[in-house]
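Q: A predicted structure for the sequence below; I have some questions about it.
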Amino acid sequence: MRDVIVSTHFDDAVLSLFSVLAERAEHAVVLTVCGGVPPAGALSTWDAAAGFASGADAAHARRRENVASCALTGAIAIDLPFLDGPYGALDGSAVRAVVLSTVAEGDRLWIPAGIGRHPDHLAVRSALATVGATVYADGGYAGRWLHPPRAAAGTVGRVVRRRLDDAMMAAKIDAVRAHASQIRGLTDGFPDLLDPHGRLRRERWWPARGPTMPPGR
Ligand SMILES: [Zn+2]
C-alpha cells in the first residue's frame with residue numbers, strides 16, 4: 001500500500017505533509033500535477049521574480065529541486081504534464097483521469113483542501129472531490145482550519161492534527177529549502193516559513209471515510 005499525495009505544485013506535498021513523507025519513506029509518492037514544461041517564450045511573473053528567463057527553465061529546475069527534496073525522505077516523485085495557472089487552465093477531467101490511473105488498489109490518496117484559495121489548488125480539489133481521498137490542509141494554512149472544506153464534508157472523518165517535534169521540523173525545513181527557487185516567493189507570503197517554531201510545524205488532514213475509487217472509474 002502506498003500513500004499517493006497529490007501535490008498541486010512541486011512544493012505542496014512537503015509543505016503540507018512532511019510528517020507523512022518522513023514516516024512512509026519509499027512507500028510515499030509525490031504526484032505533482034503542475035509538473036509540465038511551458039512552451040517556449042512563456043514566462044510567468046512568479047517565475048520571472050524567481051530569476052528565470054523562461055517558464056521552461058523554471059519547470060526543469062523545479063523538477064530537479066523536487067527530486068532532491070524527495071530524496072531526503074525516500075519518496076518517489078512522479079510529475080504530471082499539466083501547467084501552472086499562469087500558463088493555462090487545468091483540465092479537471094484530464095487531471096482526474098491521470099491521477100486515478102496512477103492509483104493502485106489499496107493505495108491511500110491525498111488531495112489538497114484548497115485552503116488559501118489558490119486557483120490551481122481549488123481546481124485540483126474539485127477535479128478529485130468525489131474519488132474518496134484524504135483531504136489535507138494546504139501548507140502554511142494548517143493552523144487556521146479545523147473543519148473540512150464544505151466540498152469534503154461527509155466524505156471525510158474528524159481532523160487529524162499533528163505538531164512536528166524539533167527533529168522532524170528541522171528535517172522538514174531542509175526538505176523545503178531543497179525547493180530553492182521558490183523560497184523567496186514563499187517567504188514573501190509567509191515570513192515565518194523557515195522559522196523552526198513557525199507555521200510549518202502544524203499539519204492537518206481529514207481522513208477519507210471510504211476507499212479510493214478503483215482505477216478506471
Ligand atoms: Zn501550490
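A: Cool, got the structure. Residues are numbered from 1 along each chain as shown.
Q: Mind telling me what element the residue in the chain that the ion sits nearest to is part of?
A: Of all residues in the chain, residue 9 sits closest to the ion, at 3.6 Å by Cβ to the ion. All C-beta atoms are positioned from the backbone trio N, CA, C, and that covers glycine. Taking DSSP states H and E as the definition, residue 9 sits outside all helices and strands.
Q: Dihedrals phi and psi, it?
A: phi -120, psi 170 (degrees, to the nearest 10).
Q: where does this structure come near the ion, residue by residue?
A: Within the chain, the positions near the ion by Cβ under 5 Å from the ion are 8-9, 12.
Q: switch to 8 Å and redo it
A: Taking Cβ under 8 Å from the ion as the contact definition, the chain meets the ion at 7-9, 11-12, 15, 34, 112, 118, 120-121, 138-139.
Q: buried set for stretch 15-33?
A: By neighbour count on 16 or more other Cβ atoms under 10 Å, the buried set for stretch 15-33 is 15-22, 24, 27-33.
Q: Check stretch 109-128 too.
A: By neighbour count on 16+ other Cβ under 10 Å, the buried set for stretch 109-128 is 109-116, 118, 120-128.
Q: Just the CA coordinates for the helix or strand bottoming out on mean pLDDT in the chain, please, in CSV.
A: Taking mean pLDDT, DSSP states H and E as the measure, the helix or strand of the chain with the lowest value is helix 183-189, at a mean of 89. Output in CSV follows, covering the C-alpha atoms of helix 183-189 (Å, rounded to 0.1, in the frame of the first residue of the first chain):
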residue,chain,number,x,y,z
ILE,A,183,11.8,30.2,-1.2
ARG,A,184,11.9,33.9,-1.9
GLY,A,185,8.4,33.9,-3.2
LEU,A,186,7.0,31.8,-0.4
THR,A,187,8.7,33.8,2.3
ASP,A,188,7.1,37.0,0.9
GLY,A,189,3.7,35.4,1.7
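Q: Run through who's touching it.
A: Identification of contacts with helix 183-189 by Cβ atoms under 8 Å, 6 or more residues apart in numbering yields 11, 15, 46, 49-50, 140, 176-177, 193-194.
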